[in-house]
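Visitor: Starting from these lines, generate the structure:
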Amino acid sequence: MIRLVLCLSAAILFLAGRAHAQTAFDGSVDLICSPSEVSVCDNAARCRHGQVRDFSVPRFITIRFSSEEIEQKYTGDKTRYGALGQVVDTGRKLVIQTVIEGAADTIVINKKSGDFLASGIEPLVNFFLAGFCKRY
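Guide: Just a heads-up that it's a prediction; the model follows:
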């Protein structure tokens, strides 16, 4: 009987953990995202690809659904803030559009894994970031 109770308890904890993990990236909790790969193209369509450390792009992107804000932290003291724009749940992905200091950004988060892709259009360059998010 004790063995049955332990097995049922373990199964409940496992299923509860899976359910929690599946909803971790649905916009119900704040996230911090860390890009790892970058592609940058200038207005002449010259593109470069590499690691985050090689470019002037955010090192961390904090998405605060609770206060509808987004924060981009760069190396050093540079930080940019903005309001979350449109947030769309497509079922498998969470799509976030925002404008920060005149730059239009779109972030797409895989709701199951937390992987993200972000693209931005700025006055002199366009960029693409790939990385992962976790609960903040």
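
Visitor: can we go C-alpha only for contacts and neighbour counts from here?
Guide: Will do.

Visitor: what ranges do the strands span in this structure?
Guide: Here the chain has its strands, by DSSP state E, at 31-42, 47-51, 60-64, 69-73, 79-89, 93-100, 103-110, 115-121, 125-135.

Visitor: packing partners for the third one?
Guide: Under the contact definition 3 or more C-alpha pairs under 8 Å, 6 or more residues apart in numbering; DSSP states H and E, strand 60-64 sits against strand 31-42, strand 69-73.

Visitor: Given the last one, what are its sheet partners and their directions?
Guide: Paired with strand 69-73 in the same sheet, following DSSP bridges, are strand 60-64 (antiparallel), strand 79-89 (antiparallel).

Visitor: got the angle between it and strand 31-42?
Guide: 60 degrees (axes from the mean of the first three to the mean of the last three C-alpha atoms, to 10 degrees).

Visitor: Kindly format the C-alpha coordinates of strand 69-73 as PDB.
Guide: Output in PDB follows, covering the C-alpha atoms of strand 69-73 (Å, rounded to 0.1, in the frame of the first residue of the first chain):
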ATOM      1  CA  GLU A  69       7.600  46.400 -20.100                       C
ATOM      2  CA  ILE A  70      10.700  45.200 -21.900                       C
ATOM      3  CA  GLU A  71      14.300  45.900 -21.000                       C
ATOM      4  CA  GLN A  72      17.300  45.400 -23.100                       C
ATOM      5  CA  LYS A  73      20.700  45.300 -21.300                       C
END
